[in-house]
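Trainee: Let me see the structure of the following:
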Amino acid sequence: MTHNEQIAALRKDYRHSELLESAVDADPIMLFHKWFKQAIESEITEPNAMCLSTIADGKPESRIVLLKGIEHHGFVFYTNYNSHKGQQIEQNANVHLNFAWLELERQIRIKGIAHKISEAESDLYFASRPFESRVGAIVSAQSETVESRKALEDSMSEALTKYEGTNPPRPEHWGGYVVIPEAIEFWQGRTGRLHDRLLYTKEAQAWKLDRLCP
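Mentor: Numbers count the residues shown, from 1 in each chain. Okay, the predicted model is just below:
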């Protein structure tokens with residue numbers, strides 16, 4: 001069997017659970033909380049890992065970031081505002097989030113608008129981070145070219161010495177975004193590829209719920 005044939009033959013029949021309209025909340029944020037709690041209880045590695053997609057010059061770019069809160073009816077993450085994703089969000093705030101919890105045969109897709117959170121909120125979260133993580137955020141010019149690994153480590157070593165015994169301040173270029181959802185799709189794998197797909201779409205102040213074909 002060739003490598004491509006091996007890839008094509010990879011299959012799994014999903015039988016873990018079901019997703020029915022009669023068993024879900026009218027508010028998708030509540031359903032997200034429920035699913036996220038189940039992901040934590042299932043001891044999934046990094047259940048808060050999500051794929052963040054942005055637009056750069058009309059082309060999508062994706063990377064994994066970590067969800068750090070569900071606030072203001074949206075999904076919060078933190079980054080360097082000068083990074084590629086930060087610059088792209090500045091140009092086009094339309095983003096897409098994707099959670100994949102394969103152990104539970106589940107996926108959540110979120111389409112929304114990214115907004116910067118307040119400086120006070122970013123300060124509060126930054127202060128809660130481990131010391132080395134705070135220093136790393138100061139040292140790293142995220143997404144920019146660096147001469148070598150040694151150059152990066154030397155900068156980190158110098159900064160650790162500089163800030164030792166202090167409370168490193170949050171850089172102005174580092175902070176949080178909240179993604180306010182316009183649509184959220186919950187996907188539950190089902191047997192025979194007849195998967196459950198429930199799509200919530202925001203209409204005015206309410207959520208419209210539709211079932212999508214798998």
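Trainee: what packs against the lengthiest strand in the chain?
Mentor: Criterion DSSP state E: the longest strand present in the chain is strand 174-188. Helices and strands touching strand 174-188, by 3 or more CB pairs under 8 Å, 6 or more residues apart in numbering; DSSP states H and E, are helix 28-41, strand 74-80, strand 106-116, helix 119-128, strand 196-203. In this view, the C-beta of every residue, glycine as well, is placed from N, C-alpha and C.
Trainee: and the most centrally placed residue in the chain, bridged to which residues?
Mentor: For the chain, the residue nearest the mean C-alpha position is residue 50 (3.3 Å; CA atoms, centre = their mean). Beta-bridge pairing for residue 50 (DSSP bridges): residue 65.
Trainee: who touches it in this structure?
Mentor: 64, 65, 66, 67, 75, 77, 97, 98, 99 (CB atoms under 8 Å, 6 or more residues apart in numbering).
Trainee: And for the second one, the neighbour number?
Mentor: Spelled out, that is residue 65. Residues near residue 65, counting by other CB atoms under 10 Å, number 16.
Trainee: dump the residue contacts of it.
Mentor: 49, 50, 52, 77, 79, 85.
Trainee: could I get those residues as JSON lines with distance to residue 28?
Mentor: Shown next, in JSON lines, are these (distance: CB to CB, whole Å):
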{"residue": "49", "distance to residue 28": "20"}
{"residue": "50", "distance to residue 28": "15"}
{"residue": "52", "distance to residue 28": "18"}
{"residue": "77", "distance to residue 28": "18"}
{"residue": "79", "distance to residue 28": "24"}
{"residue": "85", "distance to residue 28": "24"}
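Trainee: Mind checking which of those residues are buried?
Mentor: By neighbour count, with 16 or more other CB atoms under 10 Å, the contacts of residue 65 hold 50, 52, 77, 79, 85 as buried.
Trainee: Just the closest of those residues to residue 155, please.
Mentor: residue 79 (19.1 Å; CB to CB).
Trainee: pLDDT value on that closest one, please?
Mentor: On pLDDT, residue 79 comes in at 96.
Trainee: Look up which residues are beta-bridged to it.
Mentor: Beta-bridge pairing of residue 79 under DSSP bridges involves residue 175.
Trainee: quick one: it from residue 88, how far?
Mentor: Computed as CB to CB, to the nearest Å, the residue 79 to residue 88 distance reads 11 Å.
Trainee: residue contacts, residue 144?
Mentor: So residue 144 contacts nothing (CB under 8 Å, 6+ apart).
Trainee: quick one: which helix or strand includes it?
Mentor: Secondary structure from DSSP states H and E places residue 144 outside every helix and strand.
Trainee: any idea how far residue 166 is from it?
Mentor: 25 Å.
Trainee: just residue 55 next, same as before
Mentor: The spacing between residue 55 and residue 166, counted by CB to CB, is 39 Å.
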